[in-house]
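Trainee: Here's my sequence, what's the structure:
(one chain, ligands or ions: 2)
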Amino acid sequence: MSSAPPATKHLVTLCQQATFIKSASEVTQCPADRGYEVAFAGRSNAGKSSALNTLTHARLARTSKTPGRTQLLNFFGLDEQRRLVDLPGYGYAKVPLALKEHWKQHLDAYLTERNSLVGLVLVMDIRHPLSDFDRMMLEWSDVSGLPAHILLSKADKLAFGAAKNTLLKVQTIVRKEYGNRASVQLFSAPKRQGLDEAYTVLDSWLFSEQDEEADAVDDQLQAESDDEQENQAGE
Ligand SMILES: Nc1nc2c(ncn2[C@@H]2O[C@H](COP(=O)(O)OP(=O)(O)OP(=O)(O)O)[C@@H](O)[C@H]2O)c(=O)[nH]1
Ligand SMILES: [Mg+2]
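Mentor: Ligands and ions are numbered 1, 2, ... in the order given. Below you'll find the model as predicted:
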């Protein structure tokens, strides 16, 4: 069990209780676009599904040694309002062109149209960070006003010093280009390294003050509608 700061304890509990909602191969099949959603994106085989499984303490997302495993958008529910999404990896050469076009079209549509999307976790294999695709995603999230958080995954594959060096290099580039709109950390699924840092970011996105104000308004409206129904039933 990780020692998350108290503010994120609630989120950690929600992550531990995460449930699979559904898979969607098209945007039209996504769950209702309400509440708050964080999507995990990255190159094929970068470790997106493994990161999600580690954060949720479950084997919710399918992982594989064969790149291109996640072919659909997979939605995991934390509570009624909050979801994590495992996106198909980009950049895998062996996927048939027609399927690639299908993903690209639906991934683009998901990324540009999804109102509930509040942040993007960009997973990069620490041995190959900041590919052209990764940069494109960073650029896109910046233009869309969406915060991005980079997990440098498979940190266990490098010696501590080398991992730290890569972190510093990537941090320097990202700070210069995106200021505080993007952040970076080390992550390892098998070592469960970087969990607290990742939870803190997810917590800030999924439970920002603004979100809580919106929740309060939703609760108020729901209470009013319940009262109304009760009144009508009583009449
Ligand atoms: N050593 C190590 N291996 C990892 C780590 N994260 C993932 N892997 C391995 O990398 C491979 C790919 O992991 P996935 O989590 O399936 O990658 P993905 O990004 O979801 O891949 P796609 O769904 O194909 O896009 C699997 O064999 C994982 O076991 C990590 O932190 N350390
Ligand atoms: Mg996957």
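Trainee: Endpoints of stretch 9-28, how far apart?
Mentor: Start to finish, the residues bounding stretch 9-28 are 34 Å apart (Cα to Cα, to the nearest Å).
Trainee: Mind listing residues that contact that stretch?
Mentor: 2, 4, 29-31, 55-58, 60, 71-79, 82-84, 102, 106, 109-110, 113-114, 199, 202-203, 206-207 (Cβ atoms under 8 Å, 6 or more residues apart in numbering). Where you see a C-beta, it was placed from the backbone N, CA and C, and this is true even at glycine.
Trainee: and that stretch, average pLDDT?
Mentor: For stretch 9-28, the mean per-residue pLDDT is 90.
Trainee: Do you have the helices of this structure handy? List them.
Mentor: When assigned using DSSP state H, the helices of the chain occupy the ranges 6-16, 48-56, 97-113, 132-143, 160-178, 195-206, 209-234.
Trainee: Now tabulate these in TSV and tack on mean neighbour count and distance to ligand 1.
Mentor: Formatted as TSV, these follow (neighbours: other Cβ atoms under 10 Å; distance: least, Cβ to the nearest ligand atom, whole Å):
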stretch	mean neighbour count	distance to ligand 1
helix 6-16	17	16
helix 48-56	24	3
helix 97-113	14	10
helix 132-143	16	11
helix 160-178	14	11
helix 195-206	20	12
helix 209-234	10	27
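Trainee: distance between the ends of stretch 12-20?
Mentor: Taking Cα to Cα, the first and last residues of stretch 12-20 lie 16 Å apart.
Trainee: Tell me the gap between that stretch and the middle of its chain.
Mentor: Here stretch 12-20 is found 14 Å from its chain centre; the criterion is Cα atoms, centre = their mean, to the nearest Å.
Trainee: Not counting stretch 98-110 itself, show me its contacts.
Mentor: Identification of contacts with stretch 98-110 by Cβ under 8 Å, 6+ apart yields 25, 26, 27, 30, 39, 71, 73, 87, 88, 90, 95.
Trainee: sorry, back to before: wait, which of the helices of the chain is closest to residue 119?
Mentor: Across these, residue 119 has its closest neighbour in helix 195-206 (3.9 Å, Cβ to Cβ).
Trainee: Keeping just the C-alphas, turn the closest one into CSV.
Mentor: What follows is helix 195-206, C-alpha atoms only, in CSV (Å, rounded to 0.1, in the frame of the first residue of the first chain):
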residue,chain,number,x,y,z
LEU,A,195,2.5,6.0,-7.5
ASP,A,196,2.1,8.8,-5.0
GLU,A,197,3.3,11.4,-7.5
ALA,A,198,0.9,10.1,-10.1
TYR,A,199,-2.0,10.0,-7.6
THR,A,200,-1.4,13.6,-6.6
VAL,A,201,-1.7,14.7,-10.2
LEU,A,202,-4.8,12.6,-10.9
ASP,A,203,-6.3,14.0,-7.7
SER,A,204,-5.7,17.6,-8.7
TRP,A,205,-7.3,17.0,-12.1
LEU,A,206,-10.3,14.9,-11.0
